[in-house]
Structure formats: structure tokens, C-alpha cells
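**Q** What follows is a predicted structure for the sequence shown.
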Amino acid sequence: MEKFNKLTAVAAPMPLVNIDTDMIIPKQYLKTIQRKGLGKNLFAEMRYNDDGTEVEDFVLNQPAYRNAEILVAGDNFGCGSSREHAPWALLDFGIRCVISTSFADIFHNNCFRNGILPIEVSPEDLSKLMEDAERGANATISIDLEAQEIRGPDGGVIHFEIDQFNKHCLLTGLDEIGLTLKKEDKVAEYEETRKMQQPWL
Amino acid sequence: MGTPRTLYDKIWDSHVVDQLEDEAYILYIDRHLVHEVTSPQAFEGLRIAGRKVRRPDATFAVADHNVPTKDIEKGITDPESKLQVDTLEANTAEFGVPYFSMTDDRRGIVHIIGPEQGLTLPGMTIVCGDSHTSTHGAFGSLAHGIGTSEVEHVLATQTLVQEKAKNMRVTVHGDLPPGVTAKDVALAIIGKIGTAGGTGHVIEYAGDAIRALSMEGRMTLCNMTIEAGARAGLIAPDETTFDYIKGRPYAPKAGAFEQAVAYWKTLNSDEGAKFDTEVELDASELIPYVTWGTSPEDALPITGSVPAPSDFADEGKRGAAERALKYMGLTAGMKLSDIEVDHVFIGSCTNGRIEDLRAVAKIIEGKKVKSTVNAIIVPGSGLVKIQAEDEGLDKIFEAAGFEWRQPGCSMCLAMNPDKLAPGDRCASTSNRNFEGRQGQGGRTHLVSPAMAAAAAVTGHLTDVRELD
Ligand code: SF4
């Protein structure tokens, strides 16, 4: 997994609540057996017309936002399915950070496993960032994960909270499975005790 | 006596293997269900790292999402769907994971066959790379969906790194009136608390109305818990649960069963246990629900009307309502019961169990599906199909003009050939009415099986209590 520390980039505004995983990556693209290559299908049903041409006014089709690496979105981003194809598609498009007032649980977890930083901010801060994002390519936003800070184009700073384990994983690009496998003896011990207590399992 | 604990606290405590860092814990996983869509990259990850599946015996795989529900003997024609299913078959063989093949009578939607086979037991931790894993919470097991990276983590370590969620209790007092089902309760709750209402929580359902539900009803309710944004839903196990489990193929056998029941009986929230959030509903006030928009929280009693964007105080919600009305092709103020449908879909892990099919049969026996409506019934598993046919339900369905299909996810998410065309409108017993969920441009109204049956007969959303 790619590390995440600092990022300065264009932020695309999506002021829509409940952006669900079916919007982020429609199910017809879930048939892949790979993690890569989903970027072109990101938001496919909102982004393309039936004939495959681009929907002009969709935010990521606008020249200012084609290289956006940050999304600023309405409440409850990523609700719906557990499909990790959603963060895979975001990542493959180039999005490394999503800012919203709240995220669906599984999507939130999935982001951290893929080097994407989901940031929760207050509704007031979100509307400020949304305005910043709406100013287009000249107004970049900077993220500093170590310091837990978002810096707007006018220099205003917003502090954000993040749990320390996920922060650590992102900063170091940690292999979580490798980490857990180091605790193998504890798992084995647990299994032994369990076998005695609940032999039917 | 220590501090009183909730059911969630108890299951959590008994599965903590280790604490990693402030909030992060390693949680042991008792059962891991696997399907074809969210597992190929996980197995590939194992292969690349040279890792094994730690407990193939605690893992179970089945293909459901891509499986056709017609002419299954001919196999899968879509090459990508076929590749995904073939990949699952190859992976399970390579890693020694038990697998029900596409021709096995015991196959079906993963959340239907888990309970059906006795793979789902009280007090377990259960995960699957699928958000509707919450279904299994109906047995008092802590069950939730995970992403593919986590699938790989569980395959390799039989554990998951987790933070503890908050406790929410939803109490439904009193008795459900006739015609009102678990699906209506679920939609009423989501309508009340919203699709983010449960975020960060595990919801325990309590109250007389919940106790009175069958296991099928409880599964419907827990299944929809994810649509309220909660990590999992839970119902404390009781005699209804134990009776359901007894004698199932993978359930504990005689002797062990009694021992297990003794333990399962301790799985409930202690008197005085603290819930971070409490929600209460009066069952006697509920009537059948339908959704009008593109989020499960857009749920209203069938006696209501399509809302206007201006009905919403929140700006984001107003925008969403506007977009939803446009997508759904509805005008504010029209009566919900005037909405005409051209498709009816009965099935999915929400409502594809035998009790759901019986409810449908009861409504449509002796009636006809309206000529303008295309109606299909897809049983949740091969065994549900066999049982329905043993009871003669298929004859009732076919006589009424329903298509009777083979098991699978089908039109719940339209990854197989069953899908809506743009503009099609469907009364569906599934769980998501998102844009494009049942096919690009398709319009979904979520309802109970009885309500779906009523809509099939009349050709519009209909209050099943008024159908003669
Ligand atoms: S029936 Fe629908 S919700 Fe259930 S597992 Fe299949 S696709 Fe998912």
C-alpha cells in the first residue's frame, strides 16, 4: 500500500448527500478479478452518456477537475455495499483523499487499506471547503496527515481527528496482515482456549 | 458481578485476541463466508505473499451474484461473470475451502445458505465480503460486511483488526398489525433514523414485536440494518432461534447441542446495560411501507404521498430529493398508491426465504398478475426452491403468471442477466433502491413480499390490507 503523508492538490466538489457505492462504481464493473484499472469506470453512470461520451457538466469531466486528487462530498459518503472496488476506482482515478461530514463504516475501513485518507469535518468546515473546491484549479487544498491539518487556498487551517492506528498505517504504508501474523502465538492460544470452552465451534 | 454488558459487549469481549494500539483490537473470526465478487483479489494476495488460509474449516464459499436464474444447466454465458465464478471454484480448490458449486442443490445466496446449513450460530463472529452479512445477526451472532483487503486478512489470520462500535438499541413495543411485516419494520426504522442513523453503532433489536418475529423475519430486519448505516444488527437468541438451528447440517449435534444452548442462553443484554443511543417504536402504529426515492431512508407509509424537496429542512437532503424525484420520474404530491409498476421482483437475501414465498402465495392464490407487469420470483437458495415446490407454491406462482426462477441474487443488483431497462419501474423485495441498482436507469420501490405481490396483481403500489 502506498504511504500517505502530505498532499497538495485540486479538490473536486460533490455537494450531494448519500453518495453510495453503486454510484462510485456501478456493479457492471465488479466482474473484474483485479484491483487495478477501475479509474475509468469511477462514477460511470454519472460521468458518461449512454453512447459512452462524457457528461459535460459532471465535475470530474470539467477541465479544472480532471486532475483532482481530493473529493469534497456531502454527508454519508460511501454508503451501501462493502465493495472495495469503490476505493480501488477512486485510487485508480487518482483520488487520495475524501473529505465529508461522515462516512459509511465499511467504506471508511476500505479506504485505509488502500492508502486513501477519509477525513471527517464539521458541517461548517465542509461548506467552507466546498466553496474552496468550487473555485477550481487555482484553489488547491493541502493535507498534512502527520499534523492532522487541512489548509485551504486562503491559508485557513482546519484540524481533523483520526484514530492513531489508521494514521500509523497510512503514514507507514503498513502491511496489516504481516503485522497480525506476528501475533500468531496469541491467535493459537486463543483457539486452544476456545476449543475447550465451545467445542461445537 | 461486573458492570452490566450489552449483548454486543459480550460477544466482542469473548473474541478479543489482543489490543494493538489505543482503539484497535484483533478480533477472532469464527465463520468466514466467501463469494465470487469480492474474493478473487484476496486469494490473489495470498498467493503473491505465499500465505495459506488459516482455517479452511471455518471458511465457506458459494457463488451467488453472477449466477443466472434461468437455464443454469447451460452454464454462464457472460464471459466476465463466468471468469469470476470459475476463479472462485479454482481458488477454493487450491486453498481447500469448502464450496457449494453452481449445480449443488444447497447453493444459493450466501446469507440464505449460512443460516440454512447451520453455519450461522449464536455468539459467533461472522464476516463476509458483503455488506448484508448483517443478516446473520438475527441469531445473536456479531456479523458484518468487510472489504476485500479484510477478506484477505481473515483468510490469512482468522482475525480482523477492529475498533469497537457504539451500542444502539431499537425497541419495537407491542404487536405488529396484520399485513405489517419485518420488512415494514425495517423500512420504518430507516425512515426514522436515516441511512446514516446507525453509523458507528451496532444495533440490538428488542421488544415484544421482535420477540414475536420468526427467524425469517428477524433475518429480514437484521439484513436491512446496514441500510441504516450500522455495522451490525443483533437479536438475542431464544427458543425460536434454537428450534431453527436444531438438526441443521452444520449445527452442533446431540450432546454438544445442549451444551451450546446453555451457553447461548447467556447471550443477552444485562439488566441496566448502557446503550449509547436508544430508539423506540410502537408496532401497533405501523402500516406497510414503500420507498419513493433512491435511498432506503426515502421510506413512507403506503397511505402517504410523494414528498416535495421543500419538505426537507436540510439543504443536502433537498438536493438529494430533487435528484431522486427526477431519477424516479415522480411528481411531488402524487399518492404513493398511484405509482404504476411494470416489474415485480420477489427474492434476494432480504426476502428470498420460504416464509416470504408463502406470504406471496397467500396473496396471489386465485389471482392474476396484471398483464402490464413482468413478475419474477427467485428463491434464495436451492433448498428454498425445493421446499416451495414440495408445498406446491410454484404452481400457485405460475398459475398467477409469475416466472419461477432458479436461486441467486438476480435482480437485487443485476449482475446476472436479470435487470431492468432504463425507465422500468419495479416493486422489489430487495434492500437497495439506489440509482441503477437493478439496472441502469431502472427505478426501484422497496416493499415487503406481500406488498410486492399486491402490486403485481394491481399494477401499481398497493396497500395489501385493502386488496380483496
Ligand atoms: S441478494 Fe442482493 S443484497 Fe443480498 S447478497 Fe445478493 S446482491 Fe447482495
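**A** Structure received.
**Q** hey, let's count contacts and neighbours off CA atoms from now on
**A** OK.
**Q** and the nearest residue to B:Y99 once chain neighbours are set aside, what does it touch?
**A** Nearest residue to B:Y99 in three dimensions, chain neighbours excluded: B:A61, at 4.7 Å (Cα to Cα, 6 or more residues apart in numbering or on different chains). Counting by Cα atoms under 8 Å, 6 or more residues apart in numbering or on different chains, B:A61 makes contact with B:33-35, B:92, B:97-100, B:110.
**Q** Mind giving me the packing neighbours of the host helix or strand of A:L7?
**A** Counting by DSSP states H and E, the element that carries A:L7 is strand A:6-14. Applying 3 or more Cα pairs under 8 Å, 6 or more residues apart in numbering or on different chains; DSSP states H and E, we find strand A:6-14 packed against strand A:70-73, helix A:123-134, strand A:140-144.
**Q** give me phi/psi at the residue nearest to B:Y99?
**A** phi -130, psi 150 (degrees, to the nearest 10).
**Q** what are the bridge partners for it, then?
**A** With DSSP bridges applied, B:A61 shows beta-bridge pairing to B:V34, B:Y99.
**Q** Quick check: B:A156 vs A:N166, distance?
**A** 20 Å (Cα to Cα, to the nearest Å).
**Q** Any figure for the gap between B:A427 and B:A421?
**A** 14 Å.
**Q** all helices for chain A, in order.
**A** When assigned using DSSP state H, the helices of chain A occupy the ranges A:21-24, A:44-47, A:85-93, A:105-112, A:123-134, A:164-172, A:176-181, A:184-197.
**Q** Can you tell me which of these is packed in deepest?
**A** Highest mean neighbour count among the helices of chain A (mean count of other Cα atoms under 10 Å in any protein chain shown): helix A:85-93, with a mean of 25.
**Q** pLDDT wise, what is residue 164 at?
**A** All of this is about chain A. For A:Q164, the pLDDT comes out at 90.
**Q** could you do chain B instead?
**A** B:K164 is given a pLDDT of 96.
**Q** and if you look at B:L155?
**A** Note for B:L155: predicted pLDDT of 98.
**Q** Specify the strand with the largest residue count in chain B.
**A** strand B:166-173 (DSSP state E).
**Q** Would you list the strands that that strand pairs with, along with their directions?
**A** strand B:201-206 (parallel), strand B:277-282 (parallel).
**Q** mind checking the SS state of the closest residue to B:S310 other than its chain neighbours?
**A** Nearest residue to B:S310, sequence neighbours excluded (Cα to Cα, 6+ apart): B:R318, at 6.5 Å. Three-state assignment for B:R318 (DSSP: H, G, I helix; E, B strand; the rest coil): helix.
**Q** Next, count neighbours for residue 70.
**A** I'll assume chain A. 29 (other Cα atoms under 10 Å in any protein chain shown).
**Q** Please refer instead to chain B.
**A** The number of residues near B:K70, taken as other Cα under 10 Å, comes to 16.
**Q** which secondary structure element contains it?
**A** Per DSSP H and E: nothing holds B:K70, as it lies in no helix or strand.
**Q** give me every residue that touches it.
**A** Contacts of B:K70 by Cα under 8 Å, 6+ apart are B:405-406.
**Q** How much space separates it from B:V369?
**A** Note on B:K70: its distance to B:V369, by Cα to Cα, is 20 Å.
**Q** What I need now is the helices of chain A written out in JSON lines, including distance to the ligand for each item.
**A** Output for the helices of chain A, formatted as JSON lines (distance: least, Cα to the nearest ligand atom, whole Å):
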{"stretch": "helix A:21-24", "distance to the ligand": "12"}
{"stretch": "helix A:44-47", "distance to the ligand": "19"}
{"stretch": "helix A:85-93", "distance to the ligand": "15"}
{"stretch": "helix A:105-112", "distance to the ligand": "15"}
{"stretch": "helix A:123-134", "distance to the ligand": "31"}
{"stretch": "helix A:164-172", "distance to the ligand": "28"}
{"stretch": "helix A:176-181", "distance to the ligand": "26"}
{"stretch": "helix A:184-197", "distance to the ligand": "29"}
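**Q** Distance to chain B added to the ones you listed, as TSV?
**A** Putting the helices of chain A into TSV (distance: least, Cα to the nearest Cα, whole Å) gives the following:
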stretch	distance to chain B
helix A:21-24	7
helix A:44-47	8
helix A:85-93	9
helix A:105-112	6
helix A:123-134	11
helix A:164-172	6
helix A:176-181	6
helix A:184-197	6
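**Q** if you count what's nearby, which of B:A427 and B:A421 comes out ahead?
**A** Legend: neighbour count by other Cα under 10 Å for B:A427 and B:A421, higher for B:A427 (32 against 14).
**Q** can you list contacts of the host helix or strand of that one?
**A** Assigned by DSSP H and E, B:A427 belongs to strand B:425-428. Here strand B:425-428 makes contact (Cα under 8 Å, 6+ apart) with B:340-346, B:442-448, B:452, B:455, B:461.
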